[in-house]
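*Asks:* Okay, predicted coordinates and the sequence, questions at the end:
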Amino acid sequence: MELISRYSGIIAIIVYSLILALILKFSGKKEKKKDIKETLIRKKNDTPLDPDDEDATIACLVAAIECRNETKKNVRIVSVREVR
C-alpha cells in the first residue's frame, strides 16, 4: 500500500497519457477516411475541359462569375458537362 501511495502521481500520469493516446488514435482515423472519400469523389466527377473549345471555356467562366455574384462566396468549377 505504501508503494502505491508513493508512486501514485507517476501512475496517474501514465494512465492519463495512455487514455489520451487512445483518444487521439481513434479520432485520427475518422478524419483520414473522410479525406480519402472526398478525394475519390472529386476524382470521379472531374472531367477534362478541352482547352481548344473556346465556347465551353467562356461558358464555364461566365457561369462561375454569375454564381459568385449571386452567392457572394468563392466558387470553384468541379466538373463540366455538355447539356443537350
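*Replies:* Structure's in. What do you need? Numbers count the residues shown, from 1 in each chain.
*Asks:* Walk me through the domains of the chain.
*Replies:* As assigned by automatic domain parsing, the chain contains the domains 1-45, 48-84.
*Asks:* looking at those, which one has the lowest mean pLDDT?
*Replies:* Set side by side, the domains of the chain give their lowest mean pLDDT on domain 1-45, at a mean of 72.
*Asks:* Can you list the residue ranges for strands in this protein?
*Replies:* Along the chain, no segments are classed as strands by DSSP state E.
*Asks:* Please enumerate the helices of it.
*Replies:* Taking DSSP state H to define them, one finds helices in the chain at 2-6, 8-45, 54-71.
*Asks:* Quick one: neighbours of residue 66, just the number.
*Replies:* By the criterion of other CB atoms under 10 Å, residue 66 has 11 neighbours. (Glycine included, C-beta is placed from N, CA and C.)
*Asks:* ok, it to residue 59 distance?
*Replies:* 11 Å (CB to CB, to the nearest Å).
*Asks:* same check, this time on residue 6
*Replies:* Relative to residue 59, residue 6 is positioned 77 Å away (CB to CB).
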